[in-house]
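> A predicted structure for the sequence below; I have some questions about it.
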Amino acid sequence: MSRPTAIYSAAQVRALDAFEIEKRRVAGYTLMTRAAEGALKILRARWPQAHRLAVVCGAGNNGGDGYVLARLALAAGFEVLVLAATAPDKLAGDARRAHDDWLAAGGRALPFAADALSGCDLIVDGLLGTGFRPPARPETLAVIRAINAARRPVLALDIPSGVDADSGVVQDDAVRADLTLSFVGFKSGLFLGAGPEHTGVALLDDLGVVAPSQPEFVPQMRLIDEAEIAAALPRRPRDAYKGTSGRVLIVGGAAGMPGAVRMAGVAAMRVGAGLVTVAAVAQNLTAVAAAHPELIYLPLPPAPELGDALRVADVVAIGPGLGTGDFGRRLWGEVLRARPPVVVVDADALNLLAKEPAMVPGEWILTPHPGEAARLLGIETRAVQADRLAAVRALHERYGAICVLKGAGSLIAGGAGKDTEIWICDRGNPGMATAGMGDVLTGVIAGLRAQLRDSALAARLGVLVHALAGDSAARGGQRGLMASDVLSELRGWVNP
């Protein structure tokens, strides 16, 4: 089983399946058997003590996978109970053949009964497949809830029943799997919305299907690969110096807001930027300097002027603690007029951009959370969260910049036109939903961009490094995690 980066829509995976059957002449039942073989293999590896299996089978090929798995498990010496949530006489095609082969092997398919789950060691969810769209019918919902109420380990086939395969939306309830074995290709619903909450560990068995090089099979998005960190950040040469590691300017820190610029500045240094200048009101810089003398300080007078600091910086980050008053508007206006080649735009700088929307240079990086994204798009926050994939595409198209839509499963959109790529981060944890985390991310992205000279790469690796550092910081527990805890974990992840 593997963890590839490519993620497809449900329709794309169905098209891949059809291509394999029609063009490559691989029988559908052969693919179903491969899926069951892979599921049995992962079942035995993950739950070696499990002996009594309850396989819940619905209609369609997902149920067919369950029937074949039941037959193979019975032949391997397992005790297998098949519970049919759909009457077998309603099955057709390969699913009907799978059911008939199960009966021929000596098995029985009993009508689903919730109390039958209590005697099993493991439940296999073969109820609903990728064709499901919420809401579930009442009788199906009852089966889903019974599976969850049984409190047994669950292996979901292809996708947890009740999860929309494209959006990850769960309307009423969905199976909570410990492991989901997806077939042919990862579906986007495993990683979006509520999908990850129900998926558990997501693994893929491609069943030997290789996507052809055709436009319709270009992945909808990709997982950010941890291996990219080592490739992008190799060991530094011995003759490296401050200038070769990049110069970052952090702009923000309105009166009474010293923390945001401090964390952004420290984050930029912790990921390897050579010189970091923090521009903020003078009274804030006193507090920042006392804690971190390594940072360079640019006190801003009442009429702020960044001048030379903008010209010499490789990367400008604006927004942490900026505010939307006169101070913030003047600084944002100066950055817009100067149009530095690379700017990371966060927090109140995003809110100021939303008030006067405009296209910005393609190497700029916008980093909105869902509320800021909603303001940038002129829609409700719930609309952003209902379709995050569409939202990040819309942000990229409207503003022309690389866009990072923060949140659970942060999304990054970059590229131009048909070459636009979307990346998703499946790391990070709920403990990171606390003040200051966005400021740290801004600094991480700016610090990496100063070294990498590639905004799309810096954005996606910045998101990943930030998430991995958050996971490291949460080893002692997610509740009570602070942004400053993440700062101390960054250095390890940029020195793989």
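Structure's in. What do you need?
> Ser188 versus the spatially closest residue to Gly195 that is not a sequence neighbour, what's the distance?
Closest residue to Gly195 apart from its sequence neighbours, by CB to CB, 6 or more residues apart in numbering: Gly168 at 3.1 Å. In this view, the C-beta of every residue, glycine as well, is placed from N, C-alpha and C. From Gly168 across to Ser188, the span is 7 Å (CB to CB, to the nearest Å).
> what's the answer for Lys90, then?
From Lys90 across to Ser188, the span is 29 Å (CB to CB).
> between the two, which one's more packed in?
With neighbours defined as other CB atoms under 10 Å, Lys90 and Ser188 compare such that Ser188 has more, 27 against 11.
> what's near enough to touch the more buried one?
Neighbour list for Ser188: Ile7, Tyr8, Ser9, Ala10, Ala165, Asp166, Ser167, Gly168, Gln220, Met221, Leu389 [criterion: CB atoms under 8 Å, 6 or more residues apart in numbering].
> list the contacts of the second one.
The neighbourhood of Tyr8, defined by CB under 8 Å, 6+ apart, consists of Leu16, Gly185, Phe186, Lys187, Ser188, Phe217, Pro219, Gln220.
> please repeat the previous calculation with a cut-off of 7 Å.
Shown in contact with Tyr8 (CB atoms under 7 Å, 6 or more residues apart in numbering): Gly185, Phe186, Lys187, Pro219, Gln220.
> find the nearest non-adjacent residue to it, please.
Computed as CB to CB, 6+ apart, the closest residue to Tyr8 that is not its neighbour in sequence is Gly185, at 4.4 Å.
> list the contacts of that neighbour.
The neighbours of Gly185, taking CB under 7 Å, 6+ apart as the test, are Ala6, Tyr8, Val13, Leu16, Asp206.
> all helices of the stretch 301-450 of the chain, in order?
Taking DSSP state H, counting those that start in this stretch, the helices of the stretch 301-450 of the chain run over residues 308-312, 326-338, 347-355, 370-377, 381-386, 388-399, 437-452.
> okay if I get the ones you listed as a markdown table plus distance to Ala27?
As requested, the helices of the stretch 301-450 of the chain are arranged in a markdown table below (distance: least, CB to CB, whole Å):
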| stretch | distance to Ala27 |
| --- | --- |
| helix 308-312 | 64 |
| helix 326-338 | 60 |
| helix 347-355 | 53 |
| helix 370-377 | 45 |
| helix 381-386 | 39 |
| helix 388-399 | 33 |
| helix 437-452 | 47 |
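> deepest of those, which one?
Compared across those, helix 437-452 shows the largest average neighbour count, a mean of 29 (mean count of other CB atoms under 10 Å).
> what comes up buried for the helix or strand just after it?
Going down the chain from helix 437-452, the next helix or strand is helix 455-473, by DSSP states H and E. Within helix 455-473, the residues that count as buried by 16 or more other CB atoms under 10 Å are 455-471, 473.
> likewise for stretch 116-130?
Buried, per 16+ other CB under 10 Å, within stretch 116-130: Ala116, Leu117, Cys120, Leu122, Ile123, Val124, Asp125, Gly126, Leu127, Leu128, Gly129, Thr130.
> gap between that stretch and the chain center?
27 Å (CA atoms, centre = their mean, to the nearest Å).
> need the distance between the two termini of it.
In stretch 116-130, first residue to last residue: 26 Å (CA to CA, to the nearest Å).
> then stretch 219-226?
19 Å.
> give me the buried positions along it.
Neighbour-count burial for stretch 219-226 [16+ other CB under 10 Å]: Pro219, Gln220, Met221, Arg222, Leu223, Ile224.
> same question, stretch 196-211
For stretch 196-211, using 16+ other CB under 10 Å, the buried residues are Pro196, His198, Thr199, Gly200, Ala202, Leu203, Leu204, Asp205, Asp206, Leu207, Val209, Ala211.
> stretch 147-160 now?
Ile147, Asn148, Ala150, Arg152, Pro153, Val154, Leu155, Ala156, Leu157, Asp158, Ile159, Pro160.
> now swap in stretch 161-181 and tell me
Neighbour counts over stretch 161-181 (16+ other CB under 10 Å) mark 161-170, 173-181 as buried.
> tally of neighbours for Pro135?
14.
> quick check, it in a helix?
No: with DSSP: H, G, I helix; E, B strand; the rest coil as the criterion, Pro135 is assigned coil and is not in a helix.
> isn't it up against Asp172?
Yes: the criterion here is CB atoms under 7 Å, and Pro135 meets it with Asp172 at 5.8 Å.
> which stretches of the stretch 51-200 of the chain form strands?
Ranges of strands in the stretch 51-200 of the chain, per DSSP state E, counting those that start in this stretch, are 52-57, 79-84, 109-111, 122-126, 154-157, 179-183, 186-187.
> can you put those in TSV and add distance to Gly252 and mean pLDDT?
Listed next are those as TSV, based on distance: least, CB to CB, whole Å; pLDDT from 0 to 100:
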stretch	distance to Gly252	mean pLDDT
strand 52-57	54	98
strand 79-84	58	98
strand 109-111	63	96
strand 122-126	48	98
strand 154-157	45	98
strand 179-183	42	97
strand 186-187	38	97
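> nearest to Arg34 among those strands would be which one?
strand 179-183 (8.3 Å; CB to CB).
> now the spatially closest residue to Ala113 that is not a sequence neighbour: how far from Gly119?
Spatial nearest neighbour of Ala113, chain neighbours left out: Leu83 (6.9 Å); criterion: CB to CB, 6+ apart. Using CB to CB, we find Leu83 at a distance of 12 Å from Gly119.
> ok, Ala15 next?
Ala15 is 41 Å from Gly119, where distance means CB to CB.
> do the same with Val344
For Val344, the distance to Gly119 (CB to CB) stands at 56 Å.
> can you check Gly126 too?
19 Å.
> mind listing what's buried along the helix-or-strand element of the chain with minimal mean pLDDT?
Every helix and strand of the chain was ranked by mean pLDDT, DSSP states H and E. The lowest is helix 282-291, at a mean of 78. By neighbour count on 16+ other CB under 10 Å, the buried set for helix 282-291 is Asn284, Leu285, Val288, Ala289.
> could I get these as CSV with distance to Leu448?
As requested, the buried residues of helix 282-291 are exported to CSV (distance: CB to CB, whole Å):
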residue, distance to Leu448
Asn284, 25
Leu285, 24
Val288, 21
Ala289, 24
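> surely Ala280 is in a strand?
Yes: checked against three-state DSSP, Ala280 lies within a strand.
> run a quick neighbour tally on the closest residue in space to it that isn't next to it in sequence.
Residue nearest to Ala280 in three dimensions, not counting chain neighbours: Gly253, with 2.5 Å by CB to CB, 6+ apart. Around Gly253 sit 32 other residues, with neighbours defined as other CB under 10 Å.
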